[in-house]
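S.K.: Just to be clear, the model below is a prediction. Sequence and coordinates:
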Amino acid sequence: MRAIRCVNYGEPSGLRVENLDEPVPGPGQVLLDVEAAGLGYVDALFVRGTYQVKMPLPFVPGSEVAGVIEAVGEGVSSDLIGSRVMALSPRGALVEKVAIPAAVCSTIPDEMSAEAAAGFIVSYCTALYGLENCGRLQPGETVLVLGAAGGVGMAAIDVARAMGARVIAAASTQEKRDAAKAHGADMVLDYSDPEWRKALDALVEKRGVNVVYDPVGGAYSETAFRCLAPGGRHLVVGFANGEIPKLPLNLALLKRASLVGVDWGGEIRANPGANGPLLHKLSEWVEAGKIHPEPTASFPLEEAGSVLQRLLERKMIGKPVIRIAS
Ligand SMILES: NC(=O)c1ccc[n+]([C@@H]2O[C@H](COP(=O)([O-])OP(=O)(O)OC[C@H]3O[C@@H](n4cnc5c(N)ncnc54)[C@H](OP(=O)(O)O)[C@@H]3O)[C@@H](O)[C@H]2O)c1
């Protein structure tokens, strides 16, 4: 079967398609005929070997898959054969077939394409966990989403809107701001302008924002924290900018504001049952048309390496999905 494997840490653009043996589902597993795989910034860091945790070599990059169950291992009902499912795959995503535990598979809502499903779990569950559980976002509040045209940012726009919030999307280029607006943002902001706080003040008439959703870090974070209204919550989601910012703590005191870490992956590892309710609520929202998790772009397997490279180079818009029909 066709697959992409990382055998040495390095630039993702060096990844090539190769042939691997098809896996056989073991006890408790299903064999998934993978239709699509979702990629994120973290997958590119794993290939470079620069993420805080190193992936042992060799490994198949990616962790989000959607497809059809083709066979089942011992102890799994054969009724599942033919089911359309999405999953976080512990064995990588850029493969035509993967054997994964039946327990990690969730039914894809009828309204959702395999490509949308492959890009759904990580970014949307992080958004709902971040905005609802960590950020206590209320209807009518204003959210500032940094890196808003990235995969995680786009999902945050969609989920915040579904929760009844007003969304200001910050992104570095006009093309990215247009994409964020098309995905539902109420207002957009060019945060590559050093004076962007003044532009934000004008948008919110100096009232500040209630929640900052921050998957970017770097110098953007302190400015964003300074934009919080009293009682605001700054959600620390990631550091795509590469630099982990430091914050003068007097700002938290002066604003009566909170800095909240959003580690969705850590949460579901510590509490394996915690993701079910998130995914259930999000699936209901898809069925009701409240959220619209369509990927902005999809690519063939051969381009997976260049897609990961473009994520590192800040050139991607939205959540990239790789089509892997066998
Ligand atoms: N906490 C969690 O549970 C969780 C879950 C999933 C992902 N994450 C983290 O969330 C972050 C974003 O992931 P993603 O998949 O959405 O990535 P992405 O699609 O690449 O989006 C990241 C955005 O960050 C901005 N950015 C600013 N400086 C950048 C730089 N030097 N290089 C690259 N991008 C830069 C870019 O927007 P502009 O060009 O507009 O600035 C880009 O669109 C990552 O750090 C990831 O590890 C966290």
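M.R.: Done, it's in. Residues are numbered from 1 along each chain as shown.

S.K.: When you work out contacts or count neighbours from here on, use the C-alpha atoms and nothing else.
M.R.: Will do.

S.K.: what does this structure have sitting close to the ligand?
M.R.: For the chain, the residues in contact with the ligand (C-alpha under 6 Å from any ligand atom) are 40-42, 122-123, 126, 147, 149-153, 171-172, 215-216, 237-242, 262-265, 311-314, 318-319.

S.K.: Identify those among the residues you listed that sit within helices.
M.R.: 41, 42, 122, 123, 126, 151, 152, 153, 264, 265, 311, 312 (DSSP state H).

S.K.: In CSV: the residues you listed, plus distance to residue 182.
M.R.: Below are these laid out as CSV (distance: C-alpha to C-alpha, whole Å):
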residue, distance to residue 182
41, 22
42, 25
122, 21
123, 18
126, 21
151, 14
152, 16
153, 13
264, 26
265, 28
311, 20
312, 23
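
S.K.: and those residues, which two are the farthest apart?
M.R.: 264 and 312 (21.6 Å; C-alpha to C-alpha).

S.K.: quick revisit: closest to residue 82 out of the ones in helices among the residues of the chain next to the ligand?
M.R.: residue 122 (23.9 Å).

S.K.: Quick check: nearest residue in space to that closest one, chain neighbours excluded?
M.R.: Nearest residue to residue 122, sequence neighbours excluded (C-alpha to C-alpha, 6 or more residues apart in numbering): residue 64, at 7.6 Å.

S.K.: State the pLDDT value of that neighbour.
M.R.: Reported pLDDT at residue 64 in the predicted model: 97.

S.K.: before we move on, the earlier item: which of the residues of the chain next to the ligand are buried, as a PyMOL select command?
M.R.: Filtering those down to the buried ones (16 or more other C-alpha atoms under 10 Å) takes a single PyMOL command:
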select buried, resi 40+41+42+122+123+126+147+149+150+151+152+153+171+172+215+216+237+238+239+240+241+262+263+264+311+312+318+319
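
S.K.: What's the local residue count around residue 2?
M.R.: 18 (other C-alpha atoms under 10 Å).

S.K.: tell me the contacts of it?
M.R.: 17, 18, 19, 20, 95, 96 (C-alpha atoms under 8 Å, 6 or more residues apart in numbering).

S.K.: Would you state the helices of this structure in chain order?
M.R.: For the chain, the helices defined by DSSP H occupy 41-48, 114-118, 121-128, 151-162, 174-182, 196-203, 219-226, 250-255, 264-270, 275-287, 304-312.

S.K.: how about those helices, which one is nearest residue 27?
M.R.: helix 264-270 (21.7 Å).

S.K.: average model confidence for stretch 147-156?
M.R.: The average pLDDT within stretch 147-156 is 98.

S.K.: Touching that stretch from outside, list them.
M.R.: Contacts for stretch 147-156 (C-alpha under 8 Å, 6+ apart): 40, 123-124, 126-128, 131, 145-146, 157, 169-172, 176-177, 179-180, 183, 213-216, 293, 316-320.

S.K.: Stretch 270-281 too?
M.R.: With contacts defined as C-alpha under 8 Å, 6+ apart, stretch 270-281 is touched by 121, 125, 128, 129, 267, 268.

S.K.: of all those residues, which two lie farthest apart?
M.R.: Among the contacts of stretch 270-281, 121 and 267 lie farthest apart (C-alpha to C-alpha), at 14.2 Å.

S.K.: So for the two, which sits in the more crowded spot?
M.R.: residue 121 (24 against 14).

S.K.: So what touches stretch 123-135?
M.R.: 137, 151-152, 155-156, 159-160, 211, 213, 233-235, 237, 260-264, 275, 278-279, 282.

S.K.: for stretch 299-312, that is, sorry about that
M.R.: Under C-alpha under 8 Å, 6+ apart, the answer for stretch 299-312 is 3-4, 11-17, 39-41, 43-45, 94, 316, 320-324.
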